[in-house]
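Engineer: would you be able to build a 3D model of this:
(one chain, ligands or ions: 1)
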Amino acid sequence: MEHGPIFGAMLQEFDGAARLLSLEPGIWKILTSPKRQIIVACPVQMDNGEIEVFTGYRVQYNITLGPAKGGIRYHPGVNLDEVTALAAWMTWKCAVANIPFGGGKGGVICDPTKMSKREVEALTRRYVAEIIDAIGPEKDVPAPDVNTNDQVMAWVMDTYSMHVGHTTTPVVTGKPVEMGGSLGRREATGRGVMIATREAAKHVGINLKGARVAVQGFGNVGSVSADLLARQGARIVAVTDWKGGVHNESGIDIDKLLAHVQQHRTVDGFSGGDRLAGDKIWSLDVDVLIPAALENQITAKNASDIKARILIEGANGPTTPDAHRLLHERGVFIVPDILANSSGVVTSYFEWVQDRYGYFWTEQEVNERLERKMCEAFDDVLRNALKFKVDMRTAAYIVAINRVATVTRMRGMYA
Ligand code: GLU
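Structural biologist: Residues are numbered from 1 along each chain as shown. Here you go, the predicted structure:
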């Protein structure tokens, strides 16, 4: 299959682990082929009366373990290569987390920051209508991702429900709590990043209390991770986002930063520290670095600047394979995306279970189950890293490929 650079990066990661497992060529071919790629045109009447046509994608990469699962991203940079790689990463993420889902991802090329709420709603409804035959609680279950949130998920749920003629809560996760969302889902990815950081620090021998942390990205994942890590006693010394950044060696007050972002939509200009240019975050003298924005941020160009001992991938695909190799050789302990940020989809799974059951858990129950799942996954991956003498990313792929390959063999070939 012809592929672009982001899917190419995913393949490089996959191949390293598949080789160690001596994966047979047939299964190798199946697991590196996206099952379905859907491209749709979504016409929307804009507020000025003009009609715009937005391109949307939904990729179901692999559905061997269960329904496709993965977010919907609204961003000007969305393309088929990116969505396919992200759908593949969802497949491995669900398998590492040991939840009964395959991997999917959706995206629409648009800039929601320049659209009104009505325009975003109209786009969401049209996009869902265009992919309606492909999604459903047993088929493919979307969720929030970059620039989408619980309100967008409410529109997804409503549009699907209106089409099928009855309210169908488990068609999408990350919904508002009032309409079938799970307590703890909004904070889940950040909570998992905090747990991964805590476990990594324990393994490397760093005391989390007082550890210096830098976070790139202050959206859902970055902001909750920073907040929860600060509550664990870590010192958040730098945060950057799409516009700029802030640096404060004695620790940034995250509550105040959240209030600033609420008002200005960026961390830039926050008075509780010095201004920091976005690309200066990599070279800071910190213990823990958390990229929590987009893919391809840490490359062969800036990897040598990194001084952190622990890298926790809150984003999907933030480190290129070359950069990963350089950092691993220098002894940086890297917790890969498919493990570090898997708590979002794990709690999505809890939401889907609660919706189908029609019985809802307390926030404490959700968080306890999440803690257990996350620690099990971390231990599984670490055990394989030690057994195969490989880095944590290769080990995570080993766990994931083993699970998906085993079921692929058991199910056999149809026709
Ligand atoms: N978008 C999130 C991710 O990349 C969550 C996906 C989900 O909950 O289905 O993992």
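
Engineer: which strand or helix spans the residue of the stretch 251-400 of the chain at minimum distance from the ligand?
Structural biologist: Closest residue of the stretch 251-400 of the chain to the ligand, CB to the nearest ligand atom: S348 (3.3 Å). Glycine gets a C-beta too; all of them are placed from N, C-alpha and C. In this assignment (DSSP states H and E), S348 forms part of helix 343-357.

Engineer: for the stretch 1-150 of the chain, what lies in contact range of the ligand?
Structural biologist: 69-71, 93, 143, 145 (CB under 6 Å from any ligand atom).

Engineer: quick revisit: wait, doesn't the residue of the stretch 251-400 of the chain closest to the ligand sit right on A143?
Structural biologist: Yes. Counting by CB atoms under 8 Å, S348 touches A143, with 5.1 Å between them.

Engineer: so what sits against both of those two?
Structural biologist: 69, 173-174 (CB atoms under 8 Å, 6 or more residues apart in numbering).

Engineer: which strands or helices does the longest helix along the chain pack on?
Structural biologist: Taking DSSP state H as the criterion, the chain has its longest helix at helix 363-388. Under the contact criterion of 3 or more CB pairs under 8 Å, 6 or more residues apart in numbering; DSSP states H and E, helix 363-388 touches helix 80-97, helix 185-204, helix 337-340, helix 343-357, helix 392-411.

Engineer: quick one, which of these is nearest to R325?
Structural biologist: Minimum separation from R325 across those (CB to CB) falls at helix 392-411, 10.2 Å.

Engineer: re the thing from before, let me know the pLDDT of the residue of the stretch 251-400 of the chain closest to the ligand.
Structural biologist: Note on S348: pLDDT of 98.

Engineer: what's the closest non-adjacent residue to it?
Structural biologist: T173 (3.7 Å; CB to CB, 6 or more residues apart in numbering).

Engineer: any idea which element P43 lies in?
Structural biologist: Assigned by DSSP H and E, P43 belongs to strand 36-45.

Engineer: G70 now?
Structural biologist: Following DSSP H and E, one finds G70 within strand 68-75.

Engineer: likewise G251?
Structural biologist: Counting by DSSP H and E, G251 is part of no helix or strand.

Engineer: what's the closest non-adjacent residue to G180?
Structural biologist: T169 (3.4 Å).

Engineer: surely that neighbour meets V177?
Structural biologist: No. Using CB under 8 Å, T169 is not in contact with V177; the gap is 11.6 Å.

Engineer: re the thing from before, in a markdown table, list the helices and strands packed on helix 363-388 along with distance to Q297.
Structural biologist: Converted to a markdown table, the helices and strands packed on helix 363-388 look like this (distance: least, CB to CB, whole Å):
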| stretch | distance to Q297 |
| --- | --- |
| helix 80-97 | 14 |
| helix 185-204 | 15 |
| helix 337-340 | 11 |
| helix 343-357 | 19 |
| helix 392-411 | 16 |
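
Engineer: residue of the stretch 51-200 of the chain closest to the ligand, please.
Structural biologist: Closest contact between the stretch 51-200 of the chain and the ligand, by CB to the nearest ligand atom, is at G71 (2.8 Å).

Engineer: hey, what's that residue bridged with?
Structural biologist: Following DSSP bridges, G71 is listed with bridge partners A143.

Engineer: which of the helices and strands packed on helix 363-388 is buried the deepest?
Structural biologist: Comparing the helices and strands packed on helix 363-388 by mean neighbour count (mean count of other CB atoms under 10 Å), helix 337-340 comes out on top with a mean of 30.

Engineer: for that helix, packing partners?
Structural biologist: With 3+ CB pairs under 8 Å, 6+ apart as the test, helix 337-340 has helix 80-97, helix 185-204, helix 363-388, helix 392-411 packed against it.

Engineer: for V171, grab the count of nearby residues.
Structural biologist: By the criterion of other CB atoms under 10 Å, V171 has 28 neighbours.

Engineer: would you confirm that it contacts Y160?
Structural biologist: Yes. Using CB under 8 Å, V171 is in contact with Y160, at 4.7 Å.

Engineer: so what sits against both of those two?
Structural biologist: Among the neighbours of V171, those also in contact with Y160 (CB under 8 Å, 6+ apart) are 135-136.

Engineer: nearest spatial neighbour of D158, chain-adjacent residues omitted?
Structural biologist: Counting by CB to CB, 6+ apart, the residue nearest D158 is R125, at 8.0 Å.

Engineer: can you name the helix or strand that the one you found falls in?
Structural biologist: Going by DSSP H and E, R125 is part of helix 117-130.

Engineer: could you check the angle that helix makes with strand 36-45?
Structural biologist: Calculated by axes from the mean of the first three to the mean of the last three CA atoms, to 10 degrees, helix 117-130 forms an angle of 140 degrees with strand 36-45.

Engineer: list the buried residues in helix 117-130.
Structural biologist: For helix 117-130, a neighbour-count test (16 or more other CB atoms under 10 Å) marks 119-128, 130 as buried.
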